[in-house]
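1. Take a look and give me a structure for this.
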Amino acid sequence: METGKEMEQILEYYNSGKEKDRLLRGIGVIEWERSREIISRYLPGGKKVIYDIGGGTGVYSRWLAELDHEVHMFELSPANVQYARHLQASIENPIHSIEVADARSIDRPDESADLVLLMGPLYHLPDQRDRLSALREASRLLKPGGTLLIAAISRFSSTLWGLSVFGQQNDFLDDPVFMEMLEQELHEGQHIRPDKYPHFISRAFFHLPEELKSEIEISGLTHVTTLAVEGPVWIVPAFADKWHNEHSREALIKISSLVENQESLLGMSPHMLAVATKG
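-> Alright, predicted model coming up:
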């Protein structure tokens, strides 16, 4: 189970506003673009009741509400909830409800959602028992035949970041503190943020693809697929320049899509998005 200190660090990270523009800068831009494209595949068929659990500042909830779905957002961070509520006035179709909640206990009836998003909670639950609890809660909320989309961070994300041009600019590989963090991630999947790097993501668990699939199946759901979100394209040295060129951006997105289900490349993607259904 999470310790009080771990929960405090997670809330501090999100309450400080670090997520407000993360998907609008750096490699977050391709995560945002690709995640929406993948989620869109499960939206046909008219208006849906969608639960965005761990909705952050509401970026996905606002997008889905603007598409005229009935969206309910649940978020652990009070600051994020306040920010999402503040932005309600700026959208034509507001989010149906926004509330503070823990992914392991959502105050909604059984089988009341067509689609559930877990775009963050699973990687902030270091203990597998808690991750299974969040998955089982999502399953409880889903209607039979409903779809669950689960985001996970790759076991190798920090390692690849350290090897990339981004890491080289900060000399991470020459820092024993960074290397100690990497070793623990690679051996156990446990990300423990060093005090030296307060801007790094807070306490987390980084999955292997087969671990993510196993946890979904243990929770009683049917695993459909696990897709690479960014894929390997984020590691392009001139990523920012390429992204701002329309032709290059389209090529990067196309490559990510073409290799999204290649198991041999899943670990190259900072984020994975698993798809599960309730029988």
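2. my read: residue 24 touches residue 32, true?
-> Yes: if you go by Cβ atoms under 8 Å, residue 24 and residue 32 touch, sitting 7.4 Å apart. Placement of C-beta: from N, CA and C, glycine included.
3. Between these two, which is the more surrounded one?
-> More neighbours sit around residue 32 than around the other of residue 24 and residue 32, counting by other Cβ atoms under 10 Å; the figures are 17 against 10.
4. Can you report phi and psi for the spatially closest residue to the more buried one that is not a sequence neighbour?
-> In space, not counting the residues next to it along the chain, residue 32 is nearest to residue 23; the distance is 3.9 Å by Cβ to Cβ, 6 or more residues apart in numbering. The main-chain torsion angles of residue 23 are listed as degrees, to the nearest 10 and equal phi -80, psi 0.
5. Next, the contact list for residue 23, please.
-> 29, 31, 32, 59 (Cβ atoms under 8 Å, 6 or more residues apart in numbering).
6. Name only those of those residues that count as buried.
-> For the contacts of residue 23, burial is judged from neighbour counts taken by 16 or more other Cβ atoms under 10 Å, and it is met by 29, 31, 32, 59.
7. so of these, which ones are in helices?
-> Members of those lying in helices (criterion: DSSP state H): 29, 31, 32, 59.
8. From residue 154, how far off is the third one?
-> If I follow you right, that is residue 32. Here the criterion is Cβ to Cβ, to the nearest Å. By it, residue 32 lies 17 Å from residue 154.
9. just the second one next, same as before
-> As for residue 31, its distance to residue 154 is 12 Å (criterion: Cβ to Cβ).
10. Between those two, which contacts overlap?
-> Here residue 31 and residue 154 share the contacting residues 270, 271, scored by Cβ under 8 Å, 6+ apart.
11. Now residue 167. Its backbone dihedrals?
-> For residue 167, the backbone dihedrals are phi -70, psi -40 (criterion: degrees, to the nearest 10).
12. Show me what the closest residue to residue 96 other than its chain neighbours bridges to in the sheet.
-> The shortest distance from residue 96 to any residue other than its chain neighbours is 5.0 Å, reached at residue 70 (Cβ to Cβ, 6+ apart). Beta bridges link residue 70 to residue 49, judged by DSSP bridges.
13. Could you measure from residue 70 over to residue 89?
-> With distances defined as Cβ to Cβ, the gap from residue 70 to residue 89 amounts to 19 Å.
14. all strands of the stretch 51-200 of the chain, in order?
-> In the stretch 51-200 of the chain, strands defined by DSSP state E, counting those that start in this stretch lie at 70-75, 97-100, 113-118, 142-153, 190-191, listed in chain order.
15. Dump these to TSV, plus mean pLDDT, distance to residue 162 and mean neighbour count.
-> Listed next are these as TSV, based on pLDDT from 0 to 100; distance: least, Cβ to Cβ, whole Å; neighbours: other Cβ atoms under 10 Å:
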stretch	mean pLDDT	distance to residue 162	mean neighbour count
strand 70-75	98	30	25
strand 97-100	98	35	16
strand 113-118	98	27	26
strand 142-153	98	15	21
strand 190-191	98	13	18
